[in-house]
Every structure is written in structure tokens, then in C-alpha cells.
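Asks: Prediction below, plus the sequence it came from.
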Amino acid sequence: MTSTKTIAYVTDIHLGQQLQIEDGIGNGKMGYLSNPDEHKENFIVILNDMQKRGVQEFVFGGDIGAKDANWWFFDAIKKYQLKLLMVLGNHDTFAEVGKHYNNSLIDGKDEMNYSYEDNQRKYIILDSSSNSVSNGQLDWLGRQVNTSKKILLFIHHPVLKINTLIDEIGAVLNGREELKKILIDSAKDITIICGHYHMTDEAIEKNIRQISTVAGSYQILKESSKVTTDQNSFGYLLIQMVGDSIKPETVLFKQA
């Protein structure tokens, strides 16, 4: 009998952070103003939708948002019957998230990287909250990819290049080529699920398939000569695993 499992990937909710883009700058300069209620309604819509669909497990892909929004984020999740797996983004810190989230699988004392397995796959979570993956994590990853199972890797930043302006103006993961080399050299079947760029994209390079997904806050247009956003759309990714296959489905909402 073919095994089936569905999980959700929610990322870049940016609670309490109101987006600002400076005018007059050709490639765009993004920043945030403090607004305690920003994107909270989006997150509740997403949580309710996952509950209606019977989702029991979700991965948060990073960027909770403002530091003082962490408590609200975790308190909101407690109201739902959901197993949470955390990925840290560049707007998160291990110290702050660690006050609210404890997972016995976490391998390090100051980085949130860990792995686990089921009958079909090995799941690997990397911490790129410093806009890089540390040498310690890279060494750890080299050991983790030594498996006979297919690998599903969750990380906030894309590892494969995405053809978009955001990839050219400083948002890129530092040292991603070294990380990519470890994954390619492993010759394993690897699927990466990531966020950070606030856009959908799918890329394949050798043994790696990368799926970049929508943000829970706002979107950035992929094909644009300057940074252009869509602040009326938000959503998340459903990941259906049927046997050996992974079928992603974008769930998108429009602001009322």
C-alpha cells in the first residue's frame, strides 16, 4: 500500500513588521516599521485553513517577525492541534525562539539544526538565521546526507539560484555554493523547501529539486526590473507526499 502524508510549509509571516520600500532607488531598499498588528490576521487565516484541511503537522520556514511578536506567534499556535517544526530565518534568533520552542532533536546549543526520519524519507532542517550556514552545520550536514532514503531539506534561504532581482541585491545566502556542493556530491535524491524571497519558483540542478514558496505576509514579483511587491496576497504551501513523489500545492489568499 502506498503511503501518503501531507504537511504544510508556512513562512515569512513578518508579524509586527510593516513593509517600507524607499522610492528613488533603482533596485529597491526594503525595511520595516513597527506595527504590532501587522500580518496577525493573515496568520490566523492560515491556521484556520490548515485546520479545515485536516493538516496535523506544519513546518514554519522562518521570519516570525518582530522580536516581541514571538510570544503571540507561539500562543496562537497552541490553540490548534498542530505539530510544529521550526526553521529559523534571518529575522529570527535562536535565543528568542528557544524561549518558546523546544525540540529534543536539535543538535546544537546555539543553532536550530536537526533531522528525523520516517519510513520513506529523511528530513533535515538547517539554520540560516545568520544569512549563512555555519561550518559546524556544514560538517553535520555532510554526515546527515549519508542515508539510503530520499531527503527533504527545509531551510529559510534558497540554495539554488532564482532568476530574480532579489537574488542580485544582497538577499542571497552567503556560502550557498559550498552548501550546494555537499548536496550534489552526496548524489542523493534531495528536495529543498525554502522561502525568504516571497515568491514561488521551482528549480532543478542535478540531484536537487528546489521549491520556493509564497510568503504569509506579502509577495515580491519575480520578474521585475525593480523591487515590486504585492501586499494584497498571502499564503502557504501544502506538501503531499505519495510514496516516493512530492506534490506541492500553493494555497493563496487575497486581502479583503
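Replies: Structure's in. What do you need? Bear in mind that the values here come from a model prediction, so they are computed numbers and not experimental data.
Asks: Every contact and neighbour count from this point should use C-alpha atoms.
Replies: Fine.
Asks: Report how many residues lie close to the spatially closest residue to Ser132 that is not a sequence neighbour.
Replies: Of all residues not flanking Ser132 in the chain, Asn174 sits nearest, at 4.8 Å (C-alpha to C-alpha, 6 or more residues apart in numbering). When neighbours are defined as other C-alpha atoms under 10 Å, Asn174 has 17 of them.
Asks: so Asn174 sits right up against Ser129, yeah?
Replies: No. Look at Asn174 against Ser129 with C-alpha atoms under 8 Å: they stay out of range, at 11.0 Å.
Asks: Could you find the closest non-adjacent residue to the most centrally placed residue in the chain?
Replies: Within the chain, the residue whose C-alpha comes closest to the C-alpha centroid is Gly61; the distance, by C-alpha atoms, centre = their mean, is 2.7 Å. With sequence-adjacent residues excluded and distances taken as C-alpha to C-alpha, 6+ apart, Gly61 is closest to Thr11, at 4.4 Å.
Asks: Show the pLDDT at the one you found.
Replies: Thr11 carries a pLDDT score of 98 in this model.
Asks: Wait, it touches Phe60, no?
Replies: Yes. Contact between Thr11 and Phe60 holds when scored by C-alpha under 8 Å: they sit 5.5 Å apart.
Asks: Those two: who's more crowded?
Replies: Looking at Thr11 and Phe60 with other C-alpha under 10 Å, you find the greater number of neighbours at Thr11, namely 29 against 24.
Asks: Tell me where the protein has helices.
Replies: Assigned by DSSP state H, the chain shows helices spanning 40-52, 70-77, 94-97, 135-144, 176-186.
Asks: what's in contact with the third one?
Replies: Helix 94-97 is contacted by residues Lys67, Asn70, Leu88, Asp110, Glu111, Met112 when judged by C-alpha atoms under 8 Å, 6 or more residues apart in numbering.
Asks: cool, and stretch 196-203?
Replies: 11-12, 62, 89, 156-158, 160, 162, 166, 171, 209-215, 218-222.
Asks: now do stretch 75-87
Replies: The set of residues that contact stretch 75-87 without belonging to it, under C-alpha under 8 Å, 6+ apart, is 44, 47, 51, 55-62, 101, 112, 125-127, 154-156.
Asks: and what of stretch 233-240?
Replies: Outside stretch 233-240, the residues that touch it by C-alpha under 8 Å, 6+ apart are 4-11, 42, 46, 213-219, 246-255.
Asks: Show me these that map onto strands.
Replies: Secondary structure defined by DSSP state E assigns 4-10, 219, 246-254 of the contacts of stretch 233-240 to strands.
Asks: hmm, which of the residues you listed are the buried ones?
Replies: Buried subset of the ones in strands among the contacts of stretch 233-240 (neighbour count, 16 or more other C-alpha atoms under 10 Å): Thr6, Ile7, Ala8, Tyr9, Val10, Gln219, Pro248, Val251.
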